[in-house]
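Engineer: Okay, here's the prediction I keep looking at, along with the sequence it came from:
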Amino acid sequence: MDAMSLSRRRRKTRFGVPVVAVALLLGACAGAPEVPVGPDGRPDPVLLEGRQIYQVRCQSCHGSNGGGGRGPNIQSDQVVTAYPDPADQEAFVAAGKGQMPAYAERLTAAEIAAVVRYTREVLR
C-alpha cells in the first residue's frame, strides 16, 4: 500500500468514527415530547413536571416517546385499558412489578401523579 492510499484510509477512519458517534449520541439524547400549550398560551406545570420526571426516570426503558425499548410500549391504549382509572396506574408505578422498579420511595405521590398524567395525556 502506498503512502497516498494509507493517508486516505486513515482519513476515512478518523472522520467516519466521530460522525457515527455523534449520530448515536444525538439519537440517545432525544427528549420526550414537549407539553402542548393550553388555552392560556402556557404549558400545564404539572405536565412539565411529569415530562421532566419521565425523562430522568422512565425514558431509558420506555423510550423517549413511550414507544418501548427495554420496557414495554406505554404509548398505546394498552395502559389506559389496563388502568382505566389513573389512580390504579399511579399505584402500579408506586409499587412496581417484575422489571418495573417501585417508585414510592423515590418519588412523592404528586410526582407519580404528574408522570402518570404526562404518559396518559402527552405520550398517547
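Structural biologist: That came in fine, so what should we check first?
Engineer: Dihedrals phi and psi, the nearest residue in space to Val37 that is not next to it in sequence?
Structural biologist: Computed as Cβ to Cβ, 6 or more residues apart in numbering, the closest residue to Val37 that is not its neighbour in sequence is Pro43, at 5.4 Å. Just so you know, the C-beta spots here come from the backbone N, C-alpha and C atoms, and that holds for glycine as well. In terms of degrees, to the nearest 10, the main-chain angles of Pro43 are phi -70, psi 150.
Engineer: Test my guess that Pro43 contacts Glu49.
Structural biologist: No: at 10.4 Å, Pro43 and Glu49 do not qualify as touching, with contact defined as Cβ atoms under 8 Å.
Engineer: Tell me the predicted confidence for Asp77.
Structural biologist: The model reports Asp77 with a pLDDT of 89.
Engineer: For it, which non-adjacent residue is spatially closest?
Structural biologist: Arg124 (7.4 Å).
Engineer: same deal with Val80?
Structural biologist: Arg120 (6.5 Å).
Engineer: Which secondary structure state is assigned to that neighbour?
Structural biologist: helix (DSSP: H, G, I helix; E, B strand; the rest coil).
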